[in-house]
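Trainee: Provide a 3D model corresponding to the input given below.
(chains A and B)
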Amino acid sequence: MNKNAFLPGVTGLALLLLVAVPVSFVVLQAIFPHLDTSSYSAPFSAFFRVFAEPQMLALIATTLKVGLGVAVCSAFIGIPLGALRGLFRLPGAALWDVLFLVPFLLPPYIAALSWMLALQTNGYVQQLLPWLHLNNFLFSLPGMIAVMTLNIFPVVYFAVSRSMAASGSRLADVARIHGAGAFQAFVRITLPMALPAMASSLLLAFTLSIEEYGVPGALGSRSGILMLTTGIEQRLADWPIDLPGAAVLSLVLVAMALCAYSVQRAVLAGKNVESMTGKPADVTPKPLSGWTFPVLALFSLVALIAVALPLASMLATAFSGTLSGGLSLSNLTLRHFATLFAVHGDALGALSTSLSLASGTALIAGATGFLASWLVVVRRIRGAAVIDGLSLLPAALPGIVVGVGLILAWNRSFWPVTPYNTWGILLLAYCCLLLPYPVRYVSAALKQIGGNLDAAARVHGATAAQTLRLILLPLVLPSLLASMMMVFAVASRELVTSLLLSPAGVQTVSVFVWRQFEQGSVGDGMAMASVAVLLSLTLMLAAFRLSQRRV
Amino acid sequence: MTRTLLSRTKTGVMTAMTLSLAMAAGSAQALTLYTAGPGSLAKKLAAGYEKQTGVKVDVFQATTGKVMARLEAEQANPRADVLISASWDTATDLEQRGWLLQYQSPNAAQVPAQFKTPYYVAQGISALGIVWNTKSGTSEPKDWGDLTKPEFKDKVTTPDPSLSGASLDLLIGLQNAHAQQAWKLFDDLKANGMIIAGPNAQALTPVLQGAKAAVFGAVDYVSYASMQDGESVKVIFPQSGTVIAPRPMMILKSSQQQKEAKAFIDYALSPEGQQLVAQAWLMPARSDIDAKRPLFKSLKLLPEDPKASASRKDVLDRFAKLFTQP
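Mentor: A predicted model of the protein is given here:
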């Protein structure tokens, strides 16, 4: 094979396998409902059937309500906190950043299950504060929105604080010198400069919440609230199954996510208010002076609710002998952890499966993502737009749709070999979902590297592969490693595709926790959750540190 | 540094590929078991069978609804060899579709006639009842109807019959025995604020913590297991009668390993296998094996009317409709 076509060929093939195949099978199945019998009859009939169902409109409306609700609530928490963090000299700034990273890293299904044990009648909160009745609130649409918001608001917080810290105060100072009041400078200068960051992070919050399965799966079943994700899962995994229906709903969900995603990209691309010139700017946050105490109180309150409470609830359950025993010292036990680490138990098996799958995913997604961004950013080969699109598309693809796609694609009799019903299918699913992480990180790093390094190497006779290996890879390595650790941490706890695709005899951490809630001991499930959360927090924090260290 | 990283990556990929080949080769000989209900029991049966025969068993455990959905989805490319459902009705349905292999295990001789057919045989039997939190401050319910009393307002959960096979058996049993009266009971329960809460343990968890006081139609073995762990709940079998849910084991006709599958059924029905069933707080299917819990002979059962057996789909639809109303 032509040496120059080898790497693009491999990358293209990988993207085709990871992204294009599952997506095209969802589209095909939605259009041709009888695809499973290799018949192309009655095209589009599934659309009419599904949209004629009376609960269809409610399903879409609930999903939109949740998405908008989470975006609005995240704005209320994330924007003020982000602005305070970005513009003022906040005591313990780095600590707050790390704390607000936690809820985003806590797997949403574990958070939801923890909230349930904390807030339901006679739950942990009521055992401590008997007058506080939050049961009915939790099992309602606003309750679901609140739980999701507490998981998602850090996206907004980080975007706003970074954007304001980078550009906000310097130009506002100029305005102040020219006679503007503090409020005027904020409204006329600081706020508009941070608007793109706000808008795009809010759209991201919207996308994340409509794609979420764990929270509606855990809370929705008690409150009778169905979202698109849980609706798809039901059609796919409950008897009798409805493959065309699941495919149609998947397309509806993808359409919503793609809309939000493209608006987000347009917002970022259109309004370029970048004030960074590349020259080092002197960023001096203002002192909070008299406001220090109230601001710290506000930060503590949010950290208490979003971070401490769910974690405490998870740990309390993991260390409780019985649920009916409640919070008391005599109820303290290590039994659930002992069960976890008992020989022949399936918990250790689940842990090692998740860890191996996550390592495999980090390697494959890292390699594919690195090659794809190199081809797009540095080589600018023909078809770069296709590669770019395919490698970033999964960012807008809900996990459940990838799961549906992989089932539809690989559970067919015409393949001579299929990864379906082996752990290979989970690897495919995770790689597809997490590909955008390395692509984003590495592309950003590659864009910062001047083109002359590459050119100099080529002038001295290096091949493309040599340049790639000896010059570019070492330079982007910190970003690549950080993204791979991120991929590892997310893959080690992924829920919905694991539930759909895990073959017989293979259990992941998330499936173990979920099954314990459905059919087994909640204590064992939470013990496993604690181990998993500890593990992924350690890794994510390491990745965070690594990505903070600039090349 | 870069070089070692790349070569390490290469090694990693090679290892993964070798592993995948090894795993694919290994699974070619393994028996695949799809099972509803206690995952720990399935694991123990698999381990015991593997010890005896050397054949590995891959277990997929989920709710009856999910197990059946998976079976259906894999129709073009069937994987399961043995299926253990929690609902007798699903076995009848699969037999009518012609998916099952006829097999009479020699060990089934001690299983009462009502728990076996030429195509399937019970692994164990569960019963449905009310599970009541003794610390809930409500008085102990004696019959299904007690849960419609004001003191149980907003305090009752029930497993989702579309997910839990045993729960569905109770609905069908109540409807067969009481016809319209059964639906009056469901109406009253709904009016009293009963909620559907996912599969079995998910309906039980709020009762354990005291958020709710009782489960209507709980599978007994899940509750016995939590009582053993020290939870303060009590299993009550209603005065007017309840249903038992035999858990049918069957071999799929599509199985490539019928010999091993038959051996698995034999093992599950062997005294050793039945002891494992009893340890999981189920009633053993064999009448000559003891259990540490009340056996079905001592329970008052709802009268059965084979002619009036309600269709699964109709009951599910009606029940779902009733409980999705605002």
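Trainee: can you pull the contacts of the residue of chain B found nearest chain A?
Mentor: Residue nearest to chain A within chain B: B:Asp58 (3.0 Å; CB to the nearest CB). In short, each C-beta sits where N, CA and C put it, glycine included. By CB atoms under 8 Å, 6 or more residues apart in numbering or on different chains, the residues touching B:Asp58 are A:503-506, B:27, B:30-33.
Trainee: how about A:Ala58?
Mentor: Neighbouring residues of A:Ala58 by CB under 8 Å, 6+ apart: A:Leu226.
Trainee: please identify the helix or strand for it.
Mentor: Per DSSP states H and E, A:Ala58 falls inside helix A:55-87.
Trainee: buried residues in that helix, which are they?
Mentor: By neighbour count with 16 or more other CB atoms under 10 Å in any protein chain shown, helix A:55-87 contains the buried residues A:56, A:59-60, A:62-63, A:65-71, A:73-75, A:77-79, A:81-87.
Trainee: excluding its backbone neighbours, what's nearest the residue of the stretch 451-551 of chain A found nearest chain B?
Mentor: Residue nearest to chain B within the stretch 451-551 of chain A: A:Gly505 (3.0 Å; CB to the nearest CB). Beyond its immediate neighbours in the sequence, the residue positioned closest to A:Gly505 (CB to CB, 6 or more residues apart in numbering or on different chains) is B:Asp58, lying 3.0 Å away.
Trainee: need the contact list for the closest residue to chain B within the stretch 151-300 of chain A.
Mentor: Taking CB to the nearest CB, chain B has its nearest neighbour within the stretch 151-300 of chain A at A:Trp239, 3.7 Å off. Contacts here follow CB under 8 Å, 6+ apart; on that basis A:Trp239 touches B:64-66, B:68-69, B:72, B:162.
Trainee: so in terms of bridging, what pairs with the residue nearest to A:Gly505?
Mentor: B:Asp58 has these beta-bridge partners by DSSP bridges: B:Thr32.
Trainee: for chain B, give the strand that spans the most residues.
Mentor: Longest among the strand segments of chain B by residue count, using DSSP state E, is strand B:120-133.
Trainee: which SSE is immediately downstream of that strand?
Mentor: Scanning forward in sequence from strand B:120-133 by DSSP H and E, the next helix or strand is strand B:156-158.
Trainee: what comes into contact with that following strand?
Mentor: Residues contacting strand B:156-158 (CB under 8 Å, 6+ apart): B:147, B:167, B:189, B:192-197, B:203-204, B:206-207, B:212-217.
Trainee: and stretch B:101-120, what's buried?
Mentor: In stretch B:101-120, counting by 16+ other CB under 10 Å, buried: B:101, B:103, B:105, B:107-108, B:111, B:115-117, B:119-120.
Trainee: do stretch A:465-485 as well
Mentor: By neighbour count on 16+ other CB under 10 Å, the buried set for stretch A:465-485 is A:467-469, A:471-473, A:476-485.
Trainee: contacts for it?
Mentor: A:3, A:7, A:362-363, A:365-366, A:369-370, A:374, A:378, A:437-438, A:440-442, A:444-446, A:449, A:453-454, A:457-458, A:462, A:539-540, A:542-544, A:546-547, A:549, A:551, B:1-2, B:5-6.
Trainee: how far does it sit from its chain's centre?
Mentor: How far stretch A:465-485 lies from its chain's middle: 24 Å, per CA atoms, centre = their mean, to the nearest Å.
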